[in-house]
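Engineer: A structural model of the following input is requested.
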Amino acid sequence: MANATRGEGRTTVFYSDKEAKQVYRIPSLFYDGDRGVLMAFAERRQTTNDASAEELVMKTGRLLRQEAPPQMSVEWSKAITVVDKTRLGGYRPMNPCPVYERNSRTLFLVFICVEGTTSETWQRFWGINKARLCYMTSKDGGQTWSDVTDLTKKLPEIENWATFAVGPGHGVQAASGRLIIPTYAYGSCGPSCSCIACFCAVPRALSLYSDDQGVTWRFGQTLETISIECEMAEVCDDGGNRYVYCNARSQGGFRVEALSDDGGDDFITLPPAQQLVETAGGCQGSVVSFPAQVDGAGGGQDPRWLLYSHPSSKDRRTDLGIYLNKAPKDPHSWSRPWIINQGPSGYSDLAYIDGGWFACLMERGIESEVEQIACDIFSYHQVSNSLEE
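Structural biologist: This next block holds a predicted model:
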């Protein structure tokens, strides 16, 4: 494994302070190419427990570029509250997942909100869904936000699930204009279960998408393979064929990968990639596509490669790795990990900036991965050169 040499590219975005009951978790990242700024989202909780989430917060980051030697860093704003429990009538907002609609220049922040302190475990056990699907929009780079739109009753599938969530991480707009939000759902046991209480709800990833600039939404088909938190990206091969790629958390062993040739409505699961190990107990990971970094990839249908981030250890959440795949339809084409953060590492979210530059928003710390959320800026050349060593 190659290790990253960190310099001016890393900044801490959110510090956790357990004594002050301010713990930041679940990073979500979006690069606003129209304004040239990064937008970092996270949950602010009272403790590390999911049930203690209080609000979704956001910071914007101004990119600082240096030409010689090539280097990039970020200057972050103060944190603002986007939405909190009080505004949601006691429902706690969780799993921020932004997606940008380029034609209307509208940023959608999709999230779930869960009743009170009801845990996901309780919902899975009893098969009673206490989560709702909501979004807010911004047309000025997050300076102001719309009212909350609740989609729950407009999507009948939700009634049949034990519970569900989006992302966490980011959504994607396909070349066709389709907005895609990665989602996973626990199907209820149904009437076939004779137990008073059971724990047989099975999780599977799927997409939530819109073909009319976010006016109406619908769910795609669930993956056949058991899969949990996921992210999606649109990739393009040498022939100009486009696919939606899904990378999902599993219940052990290796990550779940799947491809869709119909815009993310239905997926075919790929063979397990031995290189993409799943951390014991599982952990969220991030994936982003970007233009192939080679000369002469032309015709207006340039191939798109994949970058993926996830703890590289099989045993615990440590040593966050960056993996490269130049042939996304082939799960055996993943590189070995370039370790971007040594030590405790948790959830992460990737964003492609431009010109071969990336940002990674990650949970990290010295003794625990929930001590802070930091942002690392790095280039494709750093990844490529490190993998060649």
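
Engineer: what bits of the stretch 101-250 of the chain have low per-residue confidence?
Structural biologist: Across the stretch 101-250 of the chain, the ranges flagged by pLDDT under 70 are 189-200.

Engineer: Which residue ranges of it form strands?
Structural biologist: With strands called from DSSP state E, counting those that start in this stretch, the stretch 101-250 of the chain shows them at 106-115, 131-138, 149-150, 161-166, 172-173, 179-187, 202-210, 218-219, 230-236, 242-248.

Engineer: Throw the ones you listed into JSON lines and include distance to Lys314 and mean neighbour count, thanks.
Structural biologist: (Each C-beta comes from the backbone N, C-alpha and C, glycine too.) Formatted as JSON lines, these follow (distance: least, C-beta to C-beta, whole Å; neighbours: other C-beta atoms under 10 Å):
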{"stretch": "strand 106-115", "distance to Lys314": "29", "mean neighbour count": "23"}
{"stretch": "strand 131-138", "distance to Lys314": "31", "mean neighbour count": "21"}
{"stretch": "strand 149-150", "distance to Lys314": "40", "mean neighbour count": "14"}
{"stretch": "strand 161-166", "distance to Lys314": "25", "mean neighbour count": "24"}
{"stretch": "strand 172-173", "distance to Lys314": "29", "mean neighbour count": "21"}
{"stretch": "strand 179-187", "distance to Lys314": "22", "mean neighbour count": "24"}
{"stretch": "strand 202-210", "distance to Lys314": "21", "mean neighbour count": "23"}
{"stretch": "strand 218-219", "distance to Lys314": "32", "mean neighbour count": "16"}
{"stretch": "strand 230-236", "distance to Lys314": "20", "mean neighbour count": "25"}
{"stretch": "strand 242-248", "distance to Lys314": "17", "mean neighbour count": "25"}
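
Engineer: Of those, which is nearest Ser335?
Structural biologist: Nearest to Ser335, of all the strands of the stretch 101-250 of the chain, is strand 242-248, at 14.6 Å by C-beta to C-beta.

Engineer: In its sheet, which strands sit next to that closest one, and in what direction?
Structural biologist: Neighbouring strands of strand 242-248 in its sheet, by DSSP bridges, are strand 230-236 (antiparallel), strand 256-260 (antiparallel).

Engineer: Which one of the ones you listed lies nearest to Thr118?
Structural biologist: Closest among the strands paired with strand 242-248, using C-beta to C-beta: strand 230-236, at 22.6 Å.

Engineer: Run the angle between the closest one and strand 161-166 for me.
Structural biologist: Between strand 230-236 and strand 161-166, the angle comes out at 50 degrees (axes from the mean of the first three to the mean of the last three C-alpha atoms, to 10 degrees).

Engineer: Check what contacts strand 230-236 and list those residues.
Structural biologist: Strand 230-236 is contacted by residues 167, 169-172, 174-175, 180, 182-184, 205, 207, 242-249, 256, 264, 285-289, 301-306, 328-329, 349 when judged by C-beta atoms under 8 Å, 6 or more residues apart in numbering.

Engineer: Name all residues that make contact with the closest residue to Leu206 other than its chain neighbours.
Structural biologist: Nearest non-adjacent residue to Leu206, counting by C-beta to C-beta, 6 or more residues apart in numbering: Thr222, 4.5 Å away. Taking C-beta under 8 Å, 6+ apart, we find Thr222 in contact with Ala185, Gly187, Arg204, Ala205, Leu206.

Engineer: My guess is the first one contacts Trp161. True?
Structural biologist: Yep, that's Ala185 we're talking about. Yes: here Ala185 reaches Trp161: they are 4.6 Å apart, a contact under C-beta atoms under 8 Å.

Engineer: Pull up the gap between the most centrally placed residue in the chain and Ser309, please.
Structural biologist: The residue lying closest to the centre of the chain (C-alpha atoms, centre = their mean) is Gly169, at 2.0 Å. For Gly169, the distance to Ser309 equals 10 Å [C-beta to C-beta, to the nearest Å].

Engineer: what about Gln382, helix or strand, and which?
Structural biologist: Secondary structure from DSSP states H and E places Gln382 in helix 380-388.

Engineer: can you give me the end-to-end distance of stretch 345-363?
Structural biologist: 6 Å (C-alpha to C-alpha, to the nearest Å).

Engineer: Please apply the same query to stretch 147-162.
Structural biologist: Stretch 147-162 end-to-end distance (C-alpha to C-alpha) = 27 Å.

Engineer: Show me the helices in the protein, by range?
Structural biologist: Using DSSP state H, the helices of the chain run over 120-126, 380-388.

Engineer: can you put these in CSV and add mean neighbour count?
Structural biologist: Below are these laid out as CSV (neighbours: other C-beta atoms under 10 Å):
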stretch, mean neighbour count
helix 120-126, 18
helix 380-388, 16
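
Engineer: Indicate which one of the ones you listed is closest to Val294.
Structural biologist: Ranking these by proximity to Val294 (C-beta to C-beta) places helix 380-388 first, at 10.5 Å.

Engineer: Now the closest one: average pLDDT?
Structural biologist: On average, the pLDDT along helix 380-388 is 90.
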